[in-house]
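# Pasting the sequence and the predicted coordinates here, then a few questions.
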Amino acid sequence: MTSGENDPKARGGVLLVSCYELGRQPLGVAWPAGFLREAGFDPVCRDVSVRPLTRVEIRHAAVAVISVPMHTAMRMGVSVAEAIRAVQPRCRVVFFGLYAVLNSAALMADGAAACLGGESEEELVSLIRGWDNEDALDRSPDTGKRHQRFRVPDRSTLPDLERYAKFEASGRSEAVLVGSVEASRGCRHLCTHCPIPPVYRGRFVAVPEDVVLADIAQQVAAGARHITFTDPDFLNGPGHALRLARGLHAAHRHVSFDFTAKIEHLVERGDVLPELVDCGAAFVVTAVESLNAKVLEILHKGHTPADVLTALERTRMAGLPMRPTWMPFTPWATIDDFREIIGFVESAGLVTHVDPVQFSIRLLVPPGSLLEDHPEFLAFRGDLDRQAFSWTWRYADPRMEGLQREVAARVEADARDQFGEETTFARIRDLAGGSLTCHAAVATIDSPPAPRLTEDWFC
């Protein structure tokens, strides 16, 4: 540390900034806070989706670590970095998370001191210690390849759970507070559109059970009555998942939970679902994305349209509501594909199981994506939009461009005016030129409200 610089070990000397984590209390800063505090630092966590940084907080910071686990956070994070540099030019800015790795070249060129991802909390501590001792250069170390001893996330300086999304269950009179934990990182699979494979390359890292259960316990003590497992796929390690579900249920029988799993795993590992439900599983999020076999093959999803029906049957037999997610707008999709998705959601009685924003999702291809140089994508790829941190592309079916804009505008307007899923769904169906069959109408009317979080899920 040179004369005139702030002390990173002082209170707030390390400022950990979350931009957005789907309405959840952010693990992206709670994780490194736990490592830093054990190492003798006194970090402060701030979530700019709850309130903006103050000039005082920025002035005290020797190092600002900006968490960018998703694209929305990445775009917000760049603006946060600019604001920090304007107030405190000496502050070293570190980007931390999946999108820090994918965009490291651009971020480093723009002045970032380091870009870290994967299991890099220990690397972050070493980096800040080195800067403090004046014996380390600014660098962007190799990422996503380290094994480390996990510490319990430190949530002590984060906003209360009341400030975040709630859980609403069918038959429950009021929404309850939600906690979130990470039982594993990475993923065994290589879906081409996902930001995880370029960083983890098929690696799956289980977080020790005692660490996860301790994090659950501190959030239950803070009022949480529902837990979201934020893992990319909770069933990557089904034995690990079952042990955690049993541990949660044994310690907190009144607490429910939700998780995310691939269609492929719901089909192949569906035998674990009944016990997960017995332990409190309230719903499962699963990325269907498309019902077009060619699109699923390009995305390397590992499932077929027929598998979607099998997974739906298995979850229903287990009493586990499915909340499918979609990506209707890709270069290869047609308007008939969109209508097929709408028809499936209607006929399967899933209208209240799908957040309307899902019907507007457009493929995002960041730098470093496995799709970036994929032959099927190259035919439609445009230029790299450096401001948006993604590649531009065009549709094979030009009608999809206008439809996507119309659907997105309708979803935004209806959310602002607080219309329900059924109303928005009917309007989206009309935009696509569809019609509601008698069977689908009955399914929609009779479908009870599905368990849900009050913040829409997307990535």
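Thanks, I have the structure now. Numbers count the residues shown, from 1 in each chain.

# And the strands in the stretch 201-350 of the chain?
Shown for the stretch 201-350 of the chain, the strands assigned by DSSP state E, counting those that start in this stretch span residues 204-206, 226-229, 256-260, 281-289, 322-326.

# Any chance of TSV for the ones you listed, columns mean pLDDT, distance to residue 374 and mean neighbour count?
For the C-beta atoms, the positions are set from N, CA and C on the backbone; glycine is no exception. As requested, these are arranged in TSV below (pLDDT from 0 to 100; distance: least, CB to CB, whole Å; neighbours: other CB atoms under 10 Å):
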stretch	mean pLDDT	distance to residue 374	mean neighbour count
strand 204-206	95	23	18
strand 226-229	99	30	26
strand 256-260	98	24	24
strand 281-289	98	15	24
strand 322-326	98	20	22
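
# Is it possible to get CSV of those that adds distance to residue 389?
Below are the strands of the stretch 201-350 of the chain laid out as CSV (distance: least, CB to CB, whole Å):
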stretch, distance to residue 389
strand 204-206, 25
strand 226-229, 26
strand 256-260, 23
strand 281-289, 21
strand 322-326, 21
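
# And those strands: which comes nearest residue 177?
strand 226-229 (7.3 Å; CB to CB).

# Residues contacting that closest one, please?
With CB atoms under 8 Å, 6 or more residues apart in numbering as the contact definition, strand 226-229 has outside contacts at 24, 167, 176-183, 216, 219, 241, 244, 248, 255-260, 282, 453.

# Which strands border it, and is each parallel or antiparallel?
Based on DSSP bridges, the strands next to strand 226-229 in the sheet, each with its direction, are strand 176-181 (parallel), strand 256-260 (parallel).

# Would you tell me which of the ones you listed gets closest to residue 63?
Each of those was scored for nearness to residue 63 using CB to CB, and the closest is strand 176-181 (25.1 Å).

# Quick check: mean pLDDT of the closest one?
In this model, strand 176-181 has an average pLDDT of 98.

# which helices and strands does the helix or strand just after it pack with?
Moving toward the C-terminus from strand 176-181, the next helix or strand (DSSP states H and E) is strand 184-186. Identification of packing neighbours for strand 184-186 by 3 or more CB pairs under 8 Å, 6 or more residues apart in numbering; DSSP states H and E yields helix 197-200, strand 204-206.

# Now render these as CSV, adding distance to residue 335.
Rendered in CSV, the data for these read as follows (distance: least, CB to CB, whole Å):
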stretch, distance to residue 335
helix 197-200, 30
strand 204-206, 37
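
# Tell me which of these approaches residue 386 most closely.
helix 197-200 (17.8 Å).

# Give me the distance from that closest one to the chain's centre.
Taking the mean of its C-alpha atoms, helix 197-200 sits 15 Å from the chain's own mean (CA atoms, centre = their mean, to the nearest Å).

# Can you tell me what sits against it?
Under the criterion CB under 8 Å, 6+ apart, residues 98, 101-102, 117-118, 143-144, 185-187, 189-191, 368-370 lie in contact with helix 197-200.

# one more time with 6 Å
Judged by CB atoms under 6 Å, 6 or more residues apart in numbering, the contacts made with helix 197-200 from elsewhere in the structure are 98, 101, 117, 118, 144, 186, 190, 368, 370.

# Neighbour-wise, which one of those leads?
The member of the contacts of helix 197-200 that has the most neighbours, counting by other CB atoms under 10 Å, is residue 98 with 29 neighbours.

# Quick check: closest non-adjacent residue to it.
Counting by CB to CB, 6 or more residues apart in numbering, residue 98 lies nearest to residue 195, which is 4.8 Å off, once chain neighbours are set aside.

# Residue 375 is nearest to which of the strands of the stretch 201-350 of the chain?
Closest approach to residue 375 among the strands of the stretch 201-350 of the chain is made by strand 281-289 (19.5 Å; CB to CB).

# Can you list the helices and strands that the closest one packs against?
strand 256-260, strand 322-326 (3 or more CB pairs under 6 Å, 6 or more residues apart in numbering; DSSP states H and E).

# Can you give the strand pairings for that strand, parallel or anti for each?
strand 256-260 (parallel), strand 322-326 (parallel).

# quick revisit: so for residue 203, which of the strands paired with strand 226-229 sits nearest?
Ranking these by their distance to residue 203 (criterion: CB to CB) puts strand 256-260 first, at 17.6 Å.

# SS state for the residue nearest to residue 98?
Under DSSP: H, G, I helix; E, B strand; the rest coil, the three-state class of residue 195 is coil.

# Got phi/psi on it?
Per-residue torsions, residue 195: phi -80, psi -10 (degrees, to the nearest 10).

# And the pLDDT for it?
Per-residue confidence for residue 195 comes out at a pLDDT of 96.

# so residue 6 sits right up against residue 62, yeah?
Yes: taking CB atoms under 6 Å as the contact criterion, residue 6 and residue 62 are neighbours in contact, 3.9 Å apart.

# Mutual contacts of those two, please.
Contacts common to residue 6 and residue 62, judged by CB under 6 Å, 6+ apart, are residue 13.

# State the distance from the residue nearest to residue 98 to residue 99.
According to CB to CB, to the nearest Å, residue 195 stands 7 Å off from residue 99.

# ok, back up a step: can you lay out the helices and strands packed on strand 281-289 as a markdown table showing distance to residue 66?
Written out in a markdown table, the entries for these read as follows (distance: least, CB to CB, whole Å):
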| stretch | distance to residue 66 |
| --- | --- |
| strand 256-260 | 25 |
| strand 322-326 | 26 |
